[in-house]
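Let's see this in three dimensions:
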Amino acid sequence: IAARGVVIHPGCRVSRKDTLILENAVIGAEGPAVVKDCQLGPGVELRGGSFQRSTFLGKTSLGPAAHVREGCLLEEESGGGHCVGLKQTILFPFVTLGSLINFCDCLMAGGTGRKNHSEVGSSYIHFNFSPNADKATASLIGDVPRGVTLRQPPIFLGGQGGLVGPVRLGYGTVIAAGTIWRADFPAGGKLLFGGSPKAGSAAFDPTIYRGIGRKIANNLTYLANLFALRRWYLHVRALFPSGPLEEALHRGALEKLDLNLRERVTRLGELAARMPASLKTGKPAGEEAQRQRELHANWPRLEEEIARAGEMEGDEALRDLFLEKLSRERQNAGRNYLAAVKALDEEAAGTAAGWLQGIVAGLTKKLLALLPSF
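The predicted structure is shown next:
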């Protein structure tokens, strides 16, 4: 616990060996809080609730009655209102959640600052548990390669709505309030809206899967983005911590990325294990049958390839060119990560995005090569 400016209000419990609290952090200002194995950066405000095995970078904030479970990573100046539930969730800088929200198993980016940020309206849910009882449902709202440069249009998810994972949405997307959105829209830049489904009934068996091609493609894309973000933390964010406490905060963030990677691989493995039952009961034909057989048979090889993906560096020439440009901005901005990234010119930002997109595209191509029918 840093010696300067930390406030822990009455009724709070702070425990576990991996807990870290940096200067000017405030815990429990609006209600009791339980903090276990969390890392809090400078100026973080957790106003009340339960927080476990998650990392909060500088000036993030959450209102009272929050429920933040393991694997969350909230980057600088992101946060939410009261009664926000998160698990295995990554919010890029400035992303803001309203109140009464359940937003588990997703990554959200977009926006350029506190007055131009991606937002999720109140009473919103990311549906991360399918009626087939699987959780291979992580949604990518924005992306890592362009999102880290902090210059993309914000994404807005209107209140009293929901997103049925796994979904991919592009920058500049606006989903109208009250809409339950189920489709991919990676191009972005549009207002999306839809009506309620027609009433009716149909036979349903939770062991039967249909259309797994999109589901697997979205999961592999999500994994590839996580690996790209891990490279960003190893090569870029690692340049900014000053002293042992900030270095520990950086290690905490890396651990959360590893938790997210393990979670996604586990959920994909569980999905692959369900394919024999789907083939037996649902008796799919043609390409769908081939894909289900292929996923089940090739999962061990796919899992091995994912385990090796942490070694992927992408185009090292692009990486080194970007790091050289970043070093100049870092000298001007000191150790202020946000200031240094926002000061990059468009060419440098494009170089960074190109380097990370190379990791995403290369890994996705390598993994799909093991699933030819996809």
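
Backbone torsions only: list them for the residue nearest the centre of the chain.
By C-alpha atoms, centre = their mean, the chain has its centre lying nearest to residue 107, at 2.3 Å. For residue 107, the backbone dihedrals (degrees, to the nearest 10) come out as phi -120, psi 130.

what's the spacing between it and residue 354?
Distance, residue 107 to residue 354, using C-beta to C-beta, to the nearest Å: 20 Å. Yep, even glycine has a C-beta here, placed from its N, CA and C like the rest.

do the same with residue 81
Taken as C-beta to C-beta, the span from residue 81 to residue 354 is 36 Å.

got it, and residue 66?
37 Å.

Spatially nearest residue to residue 231, not counting backbone neighbours?
Spatially, and ignoring its direct neighbours in sequence, residue 231 is nearest to residue 359 (6.1 Å; C-beta to C-beta, 6 or more residues apart in numbering).

my bad, should have said residue 178
residue 160 (5.1 Å).

again, but for residue 272
residue 299 (3.9 Å).

right, and that neighbour touches residue 266 too?
No. Counting by C-beta atoms under 8 Å, residue 299 does not reach residue 266; the two are 11.9 Å apart.

Quick check on these two: which one has the bigger neighbour count.
residue 299 (18 against 13; other C-beta atoms under 10 Å).

ok, back up a step: more crowded one of residue 81 and residue 354?
residue 81 (19 against 16).

thought that one was touching residue 120?
No. With contact defined as C-beta under 8 Å, residue 81 does not reach residue 120; the gap is 10.1 Å.

any shared contact partners between these two?
97, 98, 101 (C-beta atoms under 8 Å, 6 or more residues apart in numbering).

Please state the backbone phi and psi of residue 84?
phi -110, psi 130.

quick one: contacts for it?
Residue 84 touches 62, 63, 66, 67, 68, 97, 99, 100, 101, 103, counting by C-beta under 8 Å, 6+ apart.

Now flag whichever of the residues you listed is closest to residue 116.
residue 97 (16.2 Å; C-beta to C-beta).

so what's that closest one closest to, chain neighbours aside?
Closest to residue 97 by C-beta to C-beta, 6+ apart is residue 80, at 3.3 Å.

Could you check how far the helix ranked longest in the chain is from the centre of its chain?
Criterion DSSP state H: the longest helix present in the chain is helix 243-273. Distance of helix 243-273 from its chain centroid, counting by C-alpha atoms, centre = their mean, to the nearest Å, is 11 Å.

so how far is whichever helix or strand comes after it off the chain centroid?
Downstream of helix 243-273, the next assigned helix or strand under DSSP states H and E is helix 275-282. With C-alpha atoms, centre = their mean as the basis, helix 275-282 stands 31 Å off its chain's centre.

For helix 275-282, which residues meet the burial criterion?
275, 278, 279, 282 (16 or more other C-beta atoms under 10 Å).

Let me know whether the last one touches residue 206 as I believe.
Going back to what we said before, that points to residue 282. No. Look at residue 282 against residue 206 with C-beta under 8 Å: they stay out of range, at 10.8 Å.

Of the buried residues of helix 275-282, just say which sits nearest to residue 348.
Nearest to residue 348 among the buried residues of helix 275-282, with distances taken as C-beta to C-beta, is residue 275, at 44.7 Å.

The closest one reaches residue 207, doesn't it?
No. At 10.1 Å, residue 275 does not count as touching residue 207 under the criterion of C-beta under 8 Å.

residues near residue 338, how many?
Residues near residue 338, counting by other C-beta under 10 Å: 19.

What helix or strand is it located in?
Residue 338 belongs to helix 337-342, assigned by DSSP H and E.

any residues touching the next helix or strand after that helix, and which ones?
Downstream of helix 337-342, the first helix or strand assigned by DSSP H and E is helix 346-368. Residues from elsewhere that reach helix 346-368 (C-beta under 8 Å, 6+ apart): 143-146, 148-149, 151, 217, 220-221, 223-225, 227-228, 231-232, 236, 302, 305-306, 309, 312-315, 318-319, 321-322, 325-326, 329, 344, 374.

ok, now with 7 Å
144-146, 148-149, 151, 220-221, 224-225, 227-228, 231-232, 302, 305-306, 309, 312, 314-315, 318-319, 321-322, 325, 374 (C-beta atoms under 7 Å, 6 or more residues apart in numbering).

among these, which are in helices?
144-146, 220-221, 224-225, 227-228, 231-232, 302, 305-306, 318-319, 321-322, 325.

Can you say which of those residues are buried?
144-146, 220-221, 224-225, 227-228, 231-232, 302, 306, 318-319, 321-322, 325.

Okay, now the unreliable bits of the chain?
Within the chain, no stretch falls below the threshold (pLDDT under 70).

Since that was my last question, I'll sign off now.
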